[in-house]
Structure formats: C-alpha cells, structure tokens
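A.B. asks: Test case, fold it:
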Amino acid sequence: MSVLFVTGTGTEIGKTVTTAAIAAAALAEGRSVAVLKPAQTGVTADEMGDAAEVARLAGAVTTAELARYPDPLAPATAAQRAGRPPVLPHEIADATAKLAASHDLVLVEGAGGLLVRFDADGNTLADAARLAKAPVLVVAQAGLGTLNTTALTALALRAYGLHCPGVVIGNWPAEPDLASRCNLADLPAAAEAPLLGLIPEGSGALPPSAFRTAARQWLAPELWGAGPLRLPS
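C.D. replies: Numbers count the residues shown, from 1 in each chain. Coordinates of the predicted model:
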C-alpha cells in the first residue's frame, strides 16, 4: 500500500491524529512518508494546518497542501466565499502520484466526511481516490451513533468502487461507556472491514517523542503497527 486516503464519518473525530499515528508508525519502519492535505479550511495563511500538525507529531514527513481557505466550512463553500478556485479531483490525484513517485507512503487526509463537496460540481474525496486508484481508511467515533455513520460511509465507498482496508477509532475514551465497548465488535460488521486502530483520546496533546513511541501500539500491522491490535476488555 503506497497510497492511503484517510476520511472520517464526520468532523472533529481524530483524522489528523490518526494520520499522524500512521505516519509515525511507517517512519519507525524506515519508510519515507508524505502527507497531502488537498483542501485546508478554517485556518489563515500564517496558522498551522493539519499537514503541519502531522509533521509536528510524527516527525520527518513531507507535507503538501493544494489550497487553503480561511472559513471553517466544506471546501466548495469555503473556496466560493474566499473567491478562490476549488480543488479538483484530478489535481488531488496528480499531486498524490507525484508524491508517490518519491515516497514509500503517501497519506491523503480529507476534509470532514467522505462526501463533503470540494467544488460546485459536487466532486468529493471519493472521486479523487477513484482517480488515484487508492484505498480509503475510515476514521470513526467510538460511541453511540457511530455504527450508522460508519455503515453509510462504507456503503458510499462501495458505490464508488473503492476499497476500505479498515476502520480506526480516532478518539478512544479513557473511560469507555457500554456503547463504545460494544462497538469494538460491531464496527467491523458495520464497515464490512476490520478494526485497525484505537487512538486514545488526548493523544494529540502528547509530546511528539511520546506520541511517536506509542503510535505503533495503537495500530494493527496493516497500518505498520507493532503487533496484533490490543482491544480493551
């Protein structure tokens, strides 16, 4: 797997920290890693974006953005409000291919969920992943409601003919409730794909050195983790 798109079942669920964990795990195995954020919204030109946050946590990764829009909105709307061109699927696929030519792994982090619009024609991250012929990892929430949003995301991926290698819970609570614990078994059925990671809540606040040391323990071997995924009892 030389290219992996990372999407979520919604916003603020841990996509960036998950992307950083995967990058750190791959770096620990000696792989060269690039991180592409096609459309960064909600930050100004002098603020740190998601790709830079991945580099801060994971270490020596190549980072790239195709566009940045100040309003914290869907990319299509943010681009329109900013009076700037949108990011098109072929631009994402072309940038991905260019990075893949010089890196062992390219991680492409989407904005929000899979079907968030990138342009006025309704193109999404799924359209870019299809052009790139790349698998799409799903980052999901832990608790109540996640089975539905995960199943819908997986259904959309299949409709686009895209492969989902698995699901990562992007913000696993320190004190999981009953729904969260049950979802460890139920999420793979909802996604029709294995559970490949549990990222503990607050991981993004760890010192980078501690984050890099711990990252491989949070992930299954399919995502360059250190061993079989350890599920809480």
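
A.B. asks: Quick check: the gap between the residue sitting furthest away from the middle of the chain and residue 182.
C.D. replies: Within the chain, residue 83 marks the point farthest from the mean C-alpha position, 27.0 Å out by C-alpha atoms, centre = their mean. Distance from residue 83 to residue 182, counting by C-beta to C-beta, to the nearest Å: 47 Å. Glycine gets a C-beta too; all of them are placed from N, C-alpha and C.

A.B. asks: if we can go back for a sec, how far away is the residue farthest from the centre of the chain from residue 69?
C.D. replies: Taking C-beta to C-beta, one finds residue 83 at 10 Å from residue 69.

A.B. asks: Residue 120 too?
C.D. replies: 14 Å.

A.B. asks: okay, these two: which has more neighbours?
C.D. replies: residue 69 (26 against 11; other C-beta atoms under 10 Å).

A.B. asks: So what pairs up with that one in the strands?
C.D. replies: Assessed by DSSP bridges, residue 69 has beta-bridge partners residue 41.

A.B. asks: Helices of the chain, start to end?
C.D. replies: Under the criterion DSSP state H, helices of the chain are mapped to 15-28, 50-58, 75-82, 89-100, 125-132, 146-159, 178-191, 208-215.

A.B. asks: Can you say which of those helices is packed in most?
C.D. replies: helix 15-28 (a mean of 27; mean count of other C-beta atoms under 10 Å).

A.B. asks: quick check: angle from that helix to helix 208-215?
C.D. replies: Direction vectors for helix 15-28 and helix 208-215, defined by axes from the mean of the first three to the mean of the last three C-alpha atoms, to 10 degrees, enclose an angle of 80 degrees.

A.B. asks: helices or strands up against helix 15-28?
C.D. replies: strand 3-8, strand 33-41, helix 50-58, strand 105-113, strand 136-140, strand 167-172, strand 195-200, helix 208-215 (3 or more C-beta pairs under 8 Å, 6 or more residues apart in numbering; DSSP states H and E).

A.B. asks: Contact partners for residue 218?
C.D. replies: With contacts defined as C-beta atoms under 8 Å, 6 or more residues apart in numbering, residue 218 is in contact with 21, 197-200, 203, 225.

A.B. asks: Now rank those residues by neighbours and give me the top one.
C.D. replies: residue 21 (32 neighbours).
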